[in-house]
Each structure stands twice: as structure tokens, then as C-alpha cells.
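# my questions are about this predicted structure, shown below with the sequence.
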Amino acid sequence: MREPRQERSRTTRRRLVEAAVECIAERGWNGITVAVIAERAGVSRGAAQHHFPAREDLVAAAVELVGETQLIELRTRSADLPPGSSRIEPVVDMLFNLYAGPMFRAALHLWVAASTDDALRSVLVPLEARVGREAHRVALELLGVDESHPGVREMVQATLDLARGLGLANLLTDDTRRRQQIVRQWAQVLAPALPQAAPAGS
């Protein structure tokens, strides 16, 4: 009987965390409570508070889910990348589009709220730092570059920063067309700056 109970517990946690991401993206930090998230997840408030006694606990799990989901998406799509430097533009496109969806929208709401909420900030800052390091590592992996080469680390980080900025521009209106133009231009900037570009895993 223990295993079915454990599985139900994991399923409940997952539903709550997914509901938290959805609610944060739609309502923002100030518009959510554990009760609101529980209702979205189809879980009783008591069960929700058993797993996550406070909103901050749910946020921590939600941020980890956002990061994991984004990285899984990148790795799934990386199988279709071309070899060598010809992979730069597709990778840039993947990274830019990664920050244009509901996952990033939820993260953005949390960043804004954390700027004036000390309790939320204390939870969010270390989590975002870890997610950021992993995103940087995966970007290096997808581009097939060695960050010990001068300037590579900075150019990859600039790519991620630009992706986040374009994600912000997409928050109010569909910025797809302009983003696609910038993808092409930024790939041309990156190509000569990443001389170690090669197929990932080569």
C-alpha cells in the first residue's frame, strides 16, 4: 500500500506545482494564495497546505519546475540540430523562443514581486542563480563551444540576457516577427565570436 500512497503524493505535488506556475503567469504573485492554487489543481486546501504550508514553498517548487521544463525542452530539440557552426542560428532561435512562453511569464511575475518582497526574494535569488547556471551550461553544450576561449562565456551570457529581454518585450504583444529578425542578426554576430563551435558531444 505504501507505493500507491507515495505515487499519489507525488502526483498531487506535481499538480499543485503545475497549477502554481499557471496561476502565477495569469494572476501574478499578489493574485495567488495556496487556496487559489489548490482549487486550480483540483486538490483540497488541506492537502495543498500539507505539501506546501506557504506560498513561498510552492514558489520554490514552481521555479525548479520552470527551470527543469525549459532545459528538458532544449535537450529534446537539440537532437535535430545541424553540425558545426551551422547550428548557431537554430540554437539562438531555441533560446530566444524559450523565454517567450508562459513559463517565462510566470518567472517574470515572480522577479517583479521579489524586488519589493524580502521573503520572496530570499527564496527566489538562490533558486534563480542555480537555474541560470544550468541554462548557461546547456547553452554552451548546445552551441558546442569551450568557454575557456576568450570572450565565449560573455557572448553566451549575452545571448541568454538578450533572450530574456526579448521575452519581456513579448509580454504585452506578440513580438514573434521582430524576434525572428534579431535571431538571424545575432547569429551572424555570434558566429565569428565562437571559433570553437562544433557538434555537441564531438
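Received, thanks. Residues are numbered from 1 along each chain as shown.
# separation between the closest residue to residue 135 other than its chain neighbours and residue 27?
In space, and not counting its chain neighbours, residue 135 is closest to residue 160: 6.1 Å by CB to CB, 6 or more residues apart in numbering. All C-beta atoms are positioned from the backbone trio N, CA, C, and that covers glycine. According to CB to CB, to the nearest Å, residue 160 and residue 27 sit 27 Å apart.
# go on, residue 180?
30 Å.
# name the nearest residue to the residue nearest in space to the middle of the chain, sequence neighbours excluded.
In the chain, the centroid-proximal residue (CA atoms, centre = their mean) is residue 67; its distance is 4.2 Å. Leaving aside its sequence neighbours, residue 67 sits nearest to residue 131 (CB to CB, 6+ apart; 3.6 Å).
# backbone phi and psi for the one you found, please?
phi -60, psi -40 (degrees, to the nearest 10).
# likewise for residue 42?
Residue torsions, per degrees, to the nearest 10, at residue 42 are phi 70, psi 30.
# quick one: it and residue 178, what's the gap?
From residue 42 to residue 178 the distance is 39 Å (CB to CB).
# now residue 125
In terms of CB to CB, residue 125 sits 31 Å off from residue 178.
# and residue 179, what does it touch?
Going by CB atoms under 8 Å, 6 or more residues apart in numbering, residue 179 touches 96, 97, 100, 166, 169, 170.
# okay, and the residue nearest to residue 41 when sequence neighbours are not counted sits in which element?
The spatial neighbour of residue 41 that comes closest, neighbours along the chain excluded (CB to CB, 6+ apart), is residue 19 at 3.8 Å. Per DSSP states H and E, residue 19 falls inside helix 2-27.
# what is that helix packed up against?
Counting contacts by 3 or more CB pairs under 8 Å, 6 or more residues apart in numbering; DSSP states H and E, helix 2-27 packs against helix 34-41, helix 45-51, helix 55-78, helix 102-114.
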